[in-house]
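S.K.: Predicted model, plus sequence, below.
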Amino acid sequence: MTDSVFKQFSSRLPAAADAKEVEPEAADDYGAFSILRGVRDSAKMLELRKKDGSVTALGYGWLERIEYDPSEGLTLYFGSHKVTIGGRNLASEVRPNVRLLDGLVRARVPWIKEAGEPEVLKATPGSLVIEEITIE
């Protein structure tokens with residue numbers, strides 16, 4: 001009797017080959033940063049990618065405040081860490097209704113990348129360029 005109950009319920013489980021793979025977070029890459037596509041998606045951490053190859057990730061749960069000053073850039077306050085993002089056109093739309101600040105406010109930016117010198121020189125005048133990321 002135990003065998004028949006086991007067989008009855010185990011036959012309902014999907015086989016390993018039939019199981020669907022979970023799709024990784026889908027994000028749009030804008031060169032200097034990325035934005036998660038799904039309206040309800042949010043990133044757990046923000047990766048700060050430096051031009052030297054080092055990466056620091058800070059949890060969005062620690063993000064207390066964001067300030068934008070056109071002359072200073074963006075300043076993010078993560079608990080005891082202060083992150084300053086300097087560059088050009090930081091408040092501009094990279095695509096209709098897509099702005100870096102809006103994505104940060106909604107925790108939809110999984111990473112931000114500091115541009116190297118060749119990328120800065122190749123950038124068109126109106127494009128968003130992150131020239132420096134400072135973590136204190």
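M.R.: Yes, it's here.
S.K.: gap between the residue positioned nearest the centre of the chain and residue 61?
M.R.: Taking Cα atoms, centre = their mean, the centroid of the chain lies closest to residue 110, which sits 1.2 Å from it. For residue 110, the distance to residue 61 (Cβ to Cβ, to the nearest Å) stands at 14 Å. Where you see a C-beta, it was placed from the backbone N, CA and C, and this is true even at glycine.
S.K.: Same check on residue 83?
M.R.: Separation of residue 83 from residue 61 (Cβ to Cβ): 15 Å.
S.K.: Next: residue 113.
M.R.: Relative to residue 61, and taking Cβ to Cβ, residue 113 is found at 22 Å.
S.K.: Likewise for residue 26?
M.R.: From residue 26 to residue 61 the distance is 22 Å (Cβ to Cβ).
S.K.: Residue 28 too?
M.R.: Counting by Cβ to Cβ - residue 28 and residue 61 are separated by 24 Å.
S.K.: Residue 75 too?
M.R.: Between residue 75 and residue 61 the distance is 18 Å, computed by Cβ to Cβ.
S.K.: Which one of those two is surrounded by more residues?
M.R.: It is residue 75, of residue 75 and residue 61, that has more neighbours when counted by other Cβ atoms under 10 Å, with 16 against 10.
S.K.: Beta-bridge partners for the more buried one, please?
M.R.: Bridge pairing for residue 75 (DSSP bridges) gives the partners residue 67, residue 84.
S.K.: Can you verify my assumption that residue 68 contacts residue 90?
M.R.: Yes: Residue 68 sits in contact with residue 90 when judged by Cβ atoms under 8 Å, with a separation of 7.0 Å.
S.K.: what is in contact with these two at once?
M.R.: Counting by Cβ atoms under 8 Å, 6 or more residues apart in numbering, the residues touching both residue 68 and residue 90 are 74, 101.
S.K.: Who has more neighbours out of these two?
M.R.: Looking at residue 68 and residue 90 with other Cβ under 10 Å, you find the greater number of neighbours at residue 90, namely 21 against 14.
S.K.: need the contact list for the more buried one.
M.R.: Going by Cβ under 8 Å, 6+ apart, residue 90 touches 68, 70, 73-74, 100-101, 128, 130.
S.K.: Nothing else from me, thank you.
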